[in-house]
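Student: need the 3D shape of this:
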Amino acid sequence: MIIEPGELLAKIDSPADLRQLSEDQLLQVCQELRQFIIDNVSIYGGHFGASLGVVEMTVALHYVFNTPYDQLVWDVGHQAYGHKILTGRRDVFHTNRKLNGISGFPKRKESECDAFGVGHSSTSISAALGMAMASQYKKEFDRHHIAVIGDGSMTAGMAFEALNHAGATDADLLVVLNDNCMSIDPNVGALKEYLTDITTSRTYNKVRDEIWNILGKISKFGPNAQQIASKVESGIKATLLKQSNLFESLKFRYFGPIDGHDVNHLALVLNDLKKIPGPKILHCVTVKGKGFALAEKEQTKWHAPGLFDKVTGEIYKVHHTTPQPPKYQDVFGHTLLEMAEQNPKIMGVTPAMPSGSSMNIMMAAMPDRALDVGIAEQHAVTFSAGLATQGLVPFCNIYSSFMQRGYDQVVHDVCLQNLHVVFTLDRAGFAGADGQTHHGSYDIAYMRCLPNMVVSSPMNEQELRNLMFTASQEGMGPFTIRYPRGEGVMPEWRTPLEAIEVGKGRVIQEGEEVAILTIGHIGNYAVEVCQNLKLDGLRPGHYDMRFAKPLDEKMLHHIFQKYDKVLTVEDGCLQGGFGSAVLEFMADHGYTAQVKRLGIPDMIVEHGSQMELHRLCGFDPAGIELAVRELMDVTVRV
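Tutor: Reported below is the predicted structural model:
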């Protein structure tokens, strides 16, 4: 089903088309754009509330600035659906986040209007500053550079590093602060309180209006207009507006807060700011989910709700007649609380993902022991290290791809000091429709090379619980547990907690000729394969290794002495991953088996469902079975 756009939106194939409209038509464009997003996401899925909240901002930015020559950089990208629709992708928007369709995030190779590829937060100011300074170097003095960043993303250290650098330059950089008090979950920390103080200050808003009255008439003042406005603005702020000191102390000209949903006023203000040189910040107050009442009311729930009825707001769910396996993240959340009730040393730490990681379960029961530190992975790791030095056992839950942002801290602050920090890496393997920026492809490789680090992955919910319990025991050091997005395989998952011997694998079945070595949830595919092969009288061995480091060397000696053909399967990168660890063992001990490795190849894998991507990379059940049959030199059964 293709959604038909509104009358004006149907005529906009590029920002240049938008700029042909009159200012009086912008409100209608916003209404049509918002409805087009609602219509499409309700049927095809995707992120929702963030893009609705910046419809007016998106229209105003493309209307005022000469994009794509003027470079517009979005932060994270959840809010860029309107941008994609206005920049030539309206007619293919229904393919958003689908295999071989457009990406859910800005992507340079997809459009010249996507000035920078994003997916992780807090990169926009750094990227836009680099572009601005490159334009200075190339003497492109008519080119503008805009970074749109949410107040949640502004909590990350990288954003402050960029502000600090930009303030010491004269680069033509405009930072648009989208302030809605939300990332996926409600924002936390002092910055949120600071911005709230600004937006609710009567004195501030009264003076702000006076400033805008002056700045709005700049073009009529003559050659000294900017100098006059600057003196008036700085004088008033210095005496009355203590709230403005944060950004202005970093040498940014601060403007706002203004209503981020008044498209005509936004266009007026942005036109004025085009004439003001140097680094500046425009503070826009918006509502996440604007224009869809339920999304405004329950913003976390409607961040990415799945398919829904756009009229009633009912979110479609599959109803099962039998108990279903839980999501791994929920098993983590409930198990962490269960363990914390038994062990007063256990703490929970998450960088702005309490609902995504299910840390919110412990936060609700023990708010003093489960802590959201904001979008700040580096801080989350070193903060956890600090807790560990005092004898506590922090479970630092970070999405696998986000863990990359805190890697130096894992090395320097945790592993070198051999501190007892448990890293639970959610969304390991393919993240599905979120695509290349969110795939957890590399964690086995980048964690197993570190001294003192244990690297493990559960095949099911019981194993996740037991690995968590094992990782919490006295005498442990750095410990990684990786698990995928989505459901497990055990409807009855509340099994007794048992400690596992670190580095000890499991024999799923002994076999003949070929040994299948798996790690993590992907081992369930191998169970299915072994059942299929049994119909043809074939019986490969299957071993759930559980640990990529340390390896179960006793089991590996048994495998290489018994089998001359070995297949390794992992949902991580082949370079340096679990299969590489097995090859290293084989070489170190002089074995000469034929080894085939299945996993994520040395390529950037795009977005699609998890099964589609597993199939693409050849380690879905059919791919595993094909590999086993090829090793056994047995024809594939039709």
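
Student: drop to CA atoms for contacts and neighbour counts, all remaining ones
Tutor: OK.

Student: what bits of the stretch 201-350 of the chain have low per-residue confidence?
Tutor: 201-245 (pLDDT under 70).

Student: output the contacting helices and strands for the longest helix belonging to the chain.
Tutor: Using DSSP state H, we find that the single longest helix of the chain is helix 26-44. In terms of contacts (3 or more Cα pairs under 8 Å, 6 or more residues apart in numbering; DSSP states H and E), helix 26-44 is packed against helix 49-52, helix 55-64, helix 81-84, helix 263-273.

Student: now render the ones you listed as a markdown table, adding mean neighbour count.
Tutor: Output for the helices and strands packed on helix 26-44, formatted as a markdown table (neighbours: other Cα atoms under 10 Å):
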| stretch | mean neighbour count |
| --- | --- |
| helix 49-52 | 28 |
| helix 55-64 | 25 |
| helix 81-84 | 27 |
| helix 263-273 | 19 |
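
Student: turn those into TSV, columns for distance to Leu18.
Tutor: As requested, the helices and strands packed on helix 26-44 are exported to TSV (distance: least, Cα to Cα, whole Å):
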stretch	distance to Leu18
helix 49-52	18
helix 55-64	6
helix 81-84	12
helix 263-273	13
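
Student: ok so Pro257 is a strand residue?
Tutor: Yes. Pro257 forms part of a strand when assessed by DSSP: H, G, I helix; E, B strand; the rest coil.

Student: close enough to count as contact, it and Thr286?
Tutor: No. In terms of Cα atoms under 8 Å, Pro257 does not count as a neighbour of Thr286; the distance is 10.1 Å.

Student: comparing those two, which residue is more hemmed in?
Tutor: The neighbour count for Pro257 versus Thr286, taken as other Cα atoms under 10 Å, is higher for Thr286 (25 against 21).

Student: neighbours around Asp633, how many?
Tutor: The burial count for Asp633: 9, using other Cα under 10 Å.

Student: quick one on the thing from earlier: closest to Ala622 out of the helices and strands packed on helix 26-44?
Tutor: Closest approach to Ala622 among the helices and strands packed on helix 26-44 (Cα to Cα): helix 81-84, 35.4 Å.

Student: what about the helices and strands packed on helix 26-44, which gets the closest to Pro325?
Tutor: That would be helix 49-52 among those, by Cα to Cα, at 28.3 Å.

Student: could you list the residues in contact with that closest one?
Tutor: 34, 37, 78-82, 288-291, 295-296, 299, 302-304 (Cα atoms under 8 Å, 6 or more residues apart in numbering).

Student: send the alpha carbons of that helix over as CSV?
Tutor: Output of helix 49-52 as CSV, limited to C-alpha atoms (Å, rounded to 0.1, in the frame of the first residue of the first chain):
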residue,chain,number,x,y,z
GLY,A,49,7.7,10.4,18.2
ALA,A,50,11.0,11.9,17.4
SER,A,51,10.3,12.9,13.8
LEU,A,52,6.8,14.2,14.7
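
Student: pLDDT averaged over that helix - what is it?
Tutor: Across helix 49-52, pLDDT averages out at 89.

Student: and it, how far out from the chain's middle?
Tutor: 16 Å (Cα atoms, centre = their mean, to the nearest Å).

Student: cool, stretch 572-590 as well?
Tutor: Taking Cα atoms, centre = their mean, one finds the center of stretch 572-590 at 29 Å from the center of the full chain.

Student: do you have the strands of the stretch 401-550 of the chain handy? List them.
Tutor: Applying DSSP state E, counting those that start in this stretch to the stretch 401-550 of the chain gives strands spanning 422-426, 454-456, 479-482, 506-509, 514-518, 541-544, 547-549.

Student: go through those strands and name the closest to Asp13.
Tutor: Evaluated with Cα to Cα, the strands of the stretch 401-550 of the chain place strand 422-426 nearest to Asp13, the distance being 38.6 Å.

Student: can you give the distance of the closest one from its chain's centre?
Tutor: 15 Å.

Student: any idea how the protein splits into domains?
Tutor: 9-297, 328-482, 506-632 (automatic domain parsing).

Student: centre of the chain to the longest one, how far?
Tutor: To tie it back to what came earlier, the one meant is domain 9-297. 20 Å.

Student: hang on, Val595 in a strand?
Tutor: Yes. Residue state for Val595 (three-state DSSP) corresponds to a strand.

Student: and the gap between it and Val628?
Tutor: Here the criterion is Cα to Cα, to the nearest Å. By it, Val595 lies 11 Å from Val628.

Student: for the chain, give me the ranges with low pLDDT.
Tutor: 182-189, 192, 196-245, 636-638.

Student: what's downstream of the lengthiest strand in it, the next helix or strand?
Tutor: Longest strand of the chain, by residue count under DSSP state E: strand 565-573. On the C-terminal side of strand 565-573, the closest following helix or strand by DSSP states H and E is helix 578-588.

Student: which parts of that following helix are buried?
Tutor: For helix 578-588, burial by neighbour count (16 or more other Cα atoms under 10 Å) applies to Phe578, Gly579, Ser580, Ala581, Val582, Leu583, Phe585, Met586.

Student: in the sheet, who's paired with Ile146?
Tutor: Taking DSSP bridges, one obtains Leu72, Leu174 as the residues bridged to Ile146.

Student: contacting residues around it?
Tutor: Neighbour list for Ile146: Asp70, Gln71, Leu72, Val73, Ala128, Leu173, Leu174, Val175, Val176 [criterion: Cα under 8 Å, 6+ apart].

Student: format the residues you listed as CSV; extra columns: distance to Val569 and neighbour count.
Tutor: Formatted as CSV, the contacts of Ile146 follow (distance: Cα to Cα, whole Å; neighbours: other Cα atoms under 10 Å):
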residue, distance to Val569, neighbour count
Asp70, 47, 18
Gln71, 43, 23
Leu72, 42, 24
Val73, 39, 28
Ala128, 41, 29
Leu173, 48, 29
Leu174, 48, 28
Val175, 45, 23
Val176, 45, 23
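
Student: for those, work out which two are farthest apart.
Tutor: Greatest spatial distance among the contacts of Ile146 (Cα to Cα): Asp70 and Val176, at 14.5 Å.

Student: ranges for the helices of the stretch 201-350 of the chain?
Tutor: 202-215, 225-240, 245-248, 263-273, 293-297, 328-342 (DSSP state H, counting those that start in this stretch).

Student: whoops, the stretch 351-500 of the chain was the one
Tutor: Counting by DSSP H, counting those that start in this stretch, the stretch 351-500 of the chain has helices at residues 354-357, 360-365, 377-389, 400-403, 407-409, 443-448, 461-471.

Student: between those, which one is closest to Val569.
Tutor: With Cα to Cα as the measure, helix 443-448 is the member of the helices of the stretch 351-500 of the chain nearest Val569 (12.7 Å).

Student: who are the packing partners of the closest one?
Tutor: strand 454-456, strand 547-549, strand 565-573.

Student: run through who's touching it.
Tutor: If you take Cα under 8 Å, 6+ apart as the criterion, helix 443-448 is touched by 400-401, 404, 428, 453-455, 480, 548-549, 572-573, 575-578.

Student: among those residues, find me the one that's closest to Glu341.
Tutor: Among the contacts of helix 443-448, and counting by Cα to Cα, the member closest to Glu341 is Thr480, at 21.8 Å.
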